[in-house]
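Asks: dropping the sequence and predicted coords here.
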Amino acid sequence: MKESKDAMVARVRKQLLEKLRVSYGIKTVDAMLASAISDGSCPSICVMCREYTADYEPDCVEGYCEECETNTVASCLILAGII
Ligand SMILES: [Zn+2]
């Protein structure tokens, strides 16, 4: 059976969160989310190239990616579905 779109989105989001966690050198995804909530600036990753990371606002869904030169960077809190 074909994977549902929701399942695919959830899987990709998980992969992006894991990439962010590794690139920020944080032990767990939960720790990354907790510090993002308390800091107000969130580790964020480009959903297109999946390479570019930067700190953006917690509700960022269209941050600028310097690699793709498009507004495709989403914050970890968005990716985790927290906000
Ligand atoms: Zn990009």
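Replies: Structure's in. What do you need? Numbering: from 1, shown residues only.
Asks: contacting residues for residue 54?
Replies: 44, 63, 73 (C-beta atoms under 8 Å, 6 or more residues apart in numbering). Using the backbone N, CA and C atoms, a C-beta is placed for each residue, glycine as well.
Asks: bridging residues for residue 56?
Replies: residue 42 (DSSP bridges).
Asks: quick one: it and residue 42 touch, right?
Replies: Yes: if you go by C-beta atoms under 8 Å, residue 56 and residue 42 touch, sitting 5.9 Å apart.
Asks: give me the ChimeraX select line for the contacts of residue 54, limited to the buried ones.
Replies: The ChimeraX command for the buried members of the contacts of residue 54 (criterion: 16 or more other C-beta atoms under 10 Å) is given here:
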select :44,63,73
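Asks: save the contacts of residue 54 as TSV, and put in secondary structure too.
Replies: Output for the contacts of residue 54, formatted as TSV (DSSP: H, G, I helix; E, B strand; the rest coil):
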residue	secondary structure
44	strand
63	strand
73	strand
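Asks: which among the contacts of residue 54 gets closest to the ion?
Replies: residue 73 (7.0 Å; C-beta to the ion).
Asks: what does the chain have sitting close to the ion?
Replies: 46, 48-49, 52, 65, 67-68 (C-beta under 5 Å from the ion).
Asks: report the buried members of those residues.
Replies: 46, 52, 65.
Asks: residue contacts, the first one?
Replies: Meaning residue 46. Counted by C-beta under 8 Å, 6+ apart, residue 46 has contacts 52-53, 63, 65, 67-68, 72-73.
Asks: next secondary structure after the lengthiest helix in the chain?
Replies: Longest helix of the chain, by residue count under DSSP state H: helix 5-24. From helix 5-24 onward toward the C-terminus, using DSSP states H and E, the following helix or strand is helix 29-39.
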